[in-house]
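1. Provided below are the primary sequence and the corresponding predicted coordinates.
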Amino acid sequence: MPAEARRIPLDDPVRAVKEYAGIIGALRDAPRGAEADLEALAAEAVEGVLREGALLMAVVTPAQADPALLTGVVLLVPEGWDIGTADAVRDSVEDVGGPDVRQTILVASGVGPVVVAQRVPGVEQARARQPLVAQLQGFVPEPGTGRMLLLTLSAPSVRGWAEHQALFTELVASAGPSGSEQPPRVRRRSAQAPPDDSFEHHTYRL
């Protein structure tokens with residue numbers, strides 16, 4: 001995890017709410033007495049990512065960018081992830097990922113090719129009154145397990161978006177084998193349906 005990211009302990013929801021509320025308060029320079037409102041806001045966000053099956057939640061705050069939220073969800077994928085599988089996932093994202101998918105690329109990593117998609121809301125999302133949140137999504141495989149981690153970086157502001165892009169690309173490129181770590185509990189979802197698996201219809205205020 002990069003130094004610019006502060007991870008929220010989702011394995012302890014009560015602590016997660018308190019830590020997230022503290023981060024929001026610091027980012028907003030909240031006045032004294034705002035703790036109850038901040039904790040209510042934080043509880044809504046934590047409960048939301050847990051409902052989505054997230055095992056990772058972090059606030060990313062590069063020096064020259066507005067803050068963004070990073071989440072991670074485990075998905076099931078076909079065995080034998082390779083460049084062909086990655087290209088198939090990339091094609092699926094481009095074909096059925098929705099009109100806000102502006103660009104997809106493949107990034108080399110220690111676990112194989114990672115599919116990265118950039119989502120930028122446009123006129124279609126504004127007309128549909130959907131949250132106008134810029135996103136980066138990375139489909140990171142875990143070789144030999146039939147699983148991948150879907151990382152989603154969501155930013156309600158595009159200030160410093162280039163810095164977020166560079167940091168996210170470095171993050172997925174640095175992925176390596178997990179060694180002897182215990183695998184996380186898998187929520188059975190398919191990597192072939194990216195619109196349903198994304199956080200594009202959720203917005204988390206920071």
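-> Perfect, I can see it now. Numbers count the residues shown, from 1 in each chain.

2. please enumerate the helices of the chain.
-> In the chain, the segments counted as helices under DSSP state H are 13-28, 35-51, 83-96, 123-127, 161-173, 194-197.

3. which ones are touching Gly144?
-> Residues near Gly144 by Cβ atoms under 8 Å, 6 or more residues apart in numbering: Glu79. Glycine gets a C-beta too; all of them are placed from N, C-alpha and C.

4. now the helices of the chain as TSV including distance to Arg6, mean neighbour count and mean pLDDT?
-> Listed next are these as TSV, based on distance: least, Cβ to Cβ, whole Å; neighbours: other Cβ atoms under 10 Å; pLDDT from 0 to 100:
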stretch	distance to Arg6	mean neighbour count	mean pLDDT
helix 13-28	6	18	94
helix 35-51	13	16	93
helix 83-96	28	16	89
helix 123-127	28	11	64
helix 161-173	13	18	94
helix 194-197	25	18	37
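
5. among these, which comes closest to Val60?
-> Taking Cβ to Cβ, helix 161-173 is the member of the helices of the chain nearest to Val60, at 6.9 Å.

6. hang on, the earlier thing: among the helices of the chain, which is nearest Met1?
-> Met1 lies closest to helix 161-173 among these, at 7.8 Å (Cβ to Cβ).

7. hmm, back to that, now render the helices of the chain as a markdown table, adding distance to Ala3.
-> Compiled in a markdown table, the helices of the chain are given as follows (distance: least, Cβ to Cβ, whole Å):
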| stretch | distance to Ala3 |
| --- | --- |
| helix 13-28 | 15 |
| helix 35-51 | 22 |
| helix 83-96 | 28 |
| helix 123-127 | 32 |
| helix 161-173 | 10 |
| helix 194-197 | 28 |
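
8. of these, which is nearest Pro113?
-> Nearest to Pro113, of all the helices of the chain, is helix 83-96, at 4.0 Å by Cβ to Cβ.

9. for that closest one, packing partners?
-> Counting contacts by 3 or more Cβ pairs under 8 Å, 6 or more residues apart in numbering; DSSP states H and E, helix 83-96 is packed against strand 101-107, strand 114-119, strand 134-142, helix 194-197.

10. between the first one and strand 114-119, how many degrees?
-> Computed by axes from the mean of the first three to the mean of the last three Cα atoms, to 10 degrees, the angle separating strand 101-107 from strand 114-119 equals 160 degrees.

11. contacts for strand 101-107?
-> Residues outside strand 101-107 that contact it (Cβ under 8 Å, 6+ apart): 83, 86-87, 90, 93-94, 113-120, 138, 169, 172-173.

12. what strands line up against that strand, and which way round?
-> The strands beside strand 101-107 in its sheet (DSSP bridges) come out as strand 114-119 (antiparallel).

13. show me the contact partners of the strand it pairs with.
-> The contact list for strand 114-119 (Cβ under 8 Å, 6+ apart) reads 86, 89-90, 93, 97-98, 100-108, 134-141, 165, 168-169, 172-173, 175, 194, 198, 200.

14. what angle do strand 134-142 and it make with each other?
-> Using the same axes, to 10 degrees: strand 114-119 against strand 134-142 is 160 degrees.
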